[in-house]
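In: Got a predicted structure here, sequence first:
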Amino acid sequence: MNLSFAESTARERVAHLLDAGSFHEILGPAERVVSPHLALLGVPAAFDDGVVIGQGLLDGRVVLIAAQEGEFMGGGVGEVHGAKLVGLLQRALRVKPAAVIVLAESGGVRLHEANAGLIAVSEVMRALLAVRAAGIPVLMLIGGTNGCFGGMGLIARCANWVAMSDIGRLAMSGPEVIESANGVEEFDSRDRALVWRTSGGKHRYLMGDCDVLLEDDVAAFRAATLAALSSSMPLDLPTLQAEHDLLSARLHLYGDCRDALDIWQRMGVADPGAVSQLEAGAMQAVKASLTMPSVDQRRESVKSTPAAAPNPALDTLLSALFGAAHQVKVDDDLIHGTAQVNGGTVTVVGSTHHAAIGIELALAQAAGVLQTLRHHPGQPIVLLVDTQGQRLRHRDELLGINRYMAHMGCCIALARQQGHRVIGLVYDQALSGGFITSGLMADACYALPQAEIRVMRLPAMARVTKIDESRLTELSKTNPVFAPGVDNFVAMGGIAALWTGDLQAGLIQALETAPTQDDRAALGAARGGRTRAAEVMQRVLNA
Amino acid sequence: MEQLEFKLIGTNATVPFVPILVGVVGSGNLEVMLEPQAGSSCAVNITTSARGFGSIWQAVIDDFHARHGLAGVTVSVNDMGATPAVVSLRLDQAVAALPKSVLLVSPA
C-alpha cells in the first residue's frame, strides 16, 4: 500500500524516505531545543520547533536531511527552526554527505518571531548556496498540503533540484495574502482550481520550476531522490547566466498570459483543460510533447523607461555616498550604475519609490550583478534597498516570482564567492521578501537611522496571529523579535550598524571591514537580540 | 496558554528506553513525548493553548493512568486545543510505540 507523503508527519516522511532504521536525529525532541519566543505570546512550543534534522542513509549513502512539520505554525521559520537548518547545512561542509535533502513544507517566516525568521531565511539561503558551491547537491522535496511559500519558496529555488507532487505548491505569496492586498478579482483564494494551476506541482513541472512531478507517495519521493543524488549543479557564472536567460525568455514568452491555461496552450500542451485530471505519470508525456516557442536566448527583457520622477531624497543620498560625479541612474523603480569610492569603482544596484519587487525588477537587479561578475571581476557591489516587499500579484506568482527573486539572491552569493564585496544599505524601507534577496544576502547590511524595516505591521500581525494588538505592542517594547523597527534588526544582527554622519566614510569602512563569513547569528547573540540562533547552529555542527 | 502538572504513582514499571514522540502541535492536535525517569511515579507535564480545562485534563490523565499505570515515565504534552478523545488517543499511541520489552505488563 502507498504511504501518502502529504498525509504523513515530517517525522514519518523522514523515516520512510531513508533506509529503514538509519536515521539519527540531531537535537531531537528530548533535547527540548524549543522556541524561546512562543510562550511569551501564549502559544505552546513544539519539542523540535517544527523541524526534524539529522543524518541517515539513502541506499547506503550518507545524507543529511531536514523535514519541516507543516502542521506546526504552518511550518513557519523562526529563530531556532532556522538555526537548525543553517546548522545542518554548515555541517554538510564538514561531513560531505552525498546530498542534503530538505522536505520543505512552510508558509515562510513565522510571524510570531518575524524578525528572527526573516534573517534566518537569508542565513539558510547563504548556507545552502555555500553547500552547493562545495559541490554537494541540495535536493528539495515538496509534497505537503501546506505548500512551500514565502522565504521557503525562495530557499527551494536555491537548491539544485526540486521534486514536487501534484498536491505540493511552490510560490512566494499565498493566495490569501494576494487577495487581501489586491482584491478577489486579482486572485480568488477560494478558487482551488485557480490556486493549484498557479502554484501547484503540475504548473511548476510544466514551467520547469520543479525537475520531477511525483505521485503522492513516499516511495516515489524516495526513488526520485535516489536518482537525483548524482545531480550536481555547481554555482558558477555559466549556470546563473543560463538561469538568467531562461527567466528572461519566460518573461518574454509568457509575460502577457493571464492564466496558467494560456501558458500551457502557448507551450504546446494539446489539451490544457485536461491537465488538471492527469496523473503525475501522464504529465511526463505531456511535458515531453511540448514544442516550446523559440526565443533569442540572449535577449534581455525589453523595458520601457518612463522619465524618472524627481527624487531629491535619493539624489541627496547618492551624493552623500558617492560624491557629485557618480554614474548611477534611476529607471522607474530600478537603481543601477557605477560610482567611485575611495579611488575604486563600485557597482550600484537597488530600488527606489518603495518598490514592490516584481519579476521584472528582480531580473533587472540580477542583471546588474551578473554584468559585474562577467565584466568587472572583483568589483564591489553596493545594494541600495528601498522596497515594500515582493509584488503581490497573481501574474508574478504564475511566472514564478520566487524563482526570479531567488535568482537575485544566488547572483549575490556567487559574487561573494568570486571575491566581490557586497554591501547592503537600507536607506528607506525594507520589508519582508524584498529585503531577503537584496540587503540580507550582502556580506553585511547597514541602514540609515530613519529606515523602516519590518515583516508586518502590528495590526496585521495581530489579525494573523490572533494575538491582541495591545499585547503585541506591550511586548514589542522589550522584545526585538517580532516588532517593526530598524533598532530591532540591529539587535538581532541582521543590520551590522546604522550609518550616521558621513555616509561615504561608512561605506568605505564597510568595504574594508565587512565580514565575508555569515556572522550575523553571533552578532545577534552578542547584542542580546537573538540569543539562541548561534548556539543552536553550533550544537548542530558539533553533534 | 496554561501549564498543568500531574504526578501519579504507577505499578507498571519500565526499563529505560529511547524517548518516544507521537503527534504534532497542530490545530486540534497535540504531541506527546514519553521519557524514562527514575522511581515509581508517572509525571505528566502539559502545556496547552487553552486555559481553564484543568479538571478535564485531570479526568483524561486519570483514565490514562487507570489503563496503563506507568511507573518511571515522564509524559510531556504540547497541546493546541485537542479534544479529550484525541488526547486519549495520542497518549495510548505513545504507549503503544514503546518497545514491548520496556513494560512489565504490555497494554491490552
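Out: Nice, thanks for sending it over. All values derive from a computational prediction rather than experimental measurement. Residues are numbered from 1 along each chain as shown, chains lettered A, B, ... in the order given.
In: pLDDT score for the residue in the stretch 201-350 of chain A positioned nearest to chain B?
Out: In the stretch 201-350 of chain A, the residue that lies nearest chain B is residue A:218 (16.7 Å; CB to the nearest CB). Where C-beta positions appear, they are placed from N, C-alpha and C, glycine not excepted. Predicted confidence (pLDDT) at residue A:218: the value is 98.
In: go on, the one 10 residues further on?
Out: Residue A:228 carries a pLDDT score of 96 in this model.
In: How is residue A:19 assigned, secondary-structure-wise?
Out: Taken by DSSP: H, G, I helix; E, B strand; the rest coil, the conformation at residue A:19 corresponds to coil.
In: Check the gap between the closest residue to it other than its chain neighbours and residue A:217 for me.
Out: Among residues not flanking residue A:19 along the chain, residue A:57 sits closest, at 4.3 Å (CB to CB, 6 or more residues apart in numbering or on different chains). Relative to residue A:217, residue A:57 is positioned 20 Å away (CB to CB, to the nearest Å).
In: Can you verify residue A:273 is assigned to a helix?
Out: Yes. Counting by three-state DSSP, residue A:273 falls inside a helix.
In: and it, how many residues sit next to it?
Out: The tally of other residues near residue A:273 (other CB atoms under 10 Å in any protein chain shown) stands at 10.
In: related to what we said a few turns ago, which other residues reach the one helix or strand the residue nearest to residue A:19 maps to?
Out: Assessed by DSSP states H and E, residue A:57 sits inside strand A:51-58. Strand A:51-58 is contacted from outside by A:10-11, A:14, A:17-19, A:22-28, A:62-69, A:81, A:84-85, A:87-88, A:95, A:97-99, A:101, A:222, A:225-226, A:229, A:540, using CB atoms under 8 Å, 6 or more residues apart in numbering or on different chains.
In: For PyMOL, write the select line for the buried members of the residues you listed.
Out: Selection of the buried residues among the contacts of strand A:51-58 in PyMOL, burial being defined by 16 or more other CB atoms under 10 Å in any protein chain shown:
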select buried, chain A and resi 10+11+14+17+18+23+25+26+27+28+63+64+65+66+67+68+69+81+84+85+87+88+97+98+99+101+222+225+226+229+540
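In: quick one: which of the contacts of strand A:51-58 sit in strands?
Out: If you go by DSSP state E, those have A:24-26, A:62-68, A:99, A:101 in strands.
In: restrict the residues you listed to contacts with chain B.
Out: Among those, not one lies near chain B by CB under 8 Å from any CB of the partner chain.
In: which of those residues sit farthest apart?
Out: Using CB to CB, the two most remote members of those are A:62 and A:68, lying 21.4 Å apart.
In: How is residue A:446 assigned, secondary-structure-wise?
Out: Using three-state DSSP, the structure places residue A:446 in strand.
In: Across the sheet, point out what pairs with it.
Out: Beta bridges link residue A:446 to residue A:425, judged by DSSP bridges.
In: and it, what is it in contact with?
Out: Counting by CB under 8 Å, 6+ apart, residue A:446 touches A:423-426, A:495-499, A:506, A:510.
In: Any of the residues you listed buried? List them.
Out: Burial by neighbour count, judged by 16+ other CB under 10 Å, picks out A:423-426, A:495-496, A:498-499, A:506, A:510 from the contacts of residue A:446.
In: Which pair of those residues spans the longest distance?
Out: With CB to CB as the measure, no two of those lie farther apart than A:423 and A:498, at 14.0 Å.
In: what ranges do the strands span in chain B?
Out: Counting by DSSP E, chain B has these strands, from start to end: B:2-9, B:12-13, B:20-23, B:30-36, B:41-48, B:70-71, B:73-79.
In: Lowest mean pLDDT across those, which one is that?
Out: Across the strands of chain B, the lowest-scoring stretch is strand B:12-13, with a mean of 86.
In: in its sheet, what does that one sit against?
Out: Assessed with DSSP bridges, strand B:12-13 is paired to strand B:70-71 (parallel).
In: Tell me which residues are up against the strand it pairs with.
Out: Around strand B:70-71, the neighbours that count as contacts under CB under 8 Å, 6+ apart are B:9-14, B:39-42, B:95, B:103.
In: Pick out the residue closest to the middle of the chain.
Out: All of this refers to chain A. residue A:154 (2.5 Å; CA atoms, centre = their mean).
In: Chain B, not that one
Out: By CA atoms, centre = their mean, chain B has its centre lying nearest to residue B:75, at 4.2 Å.
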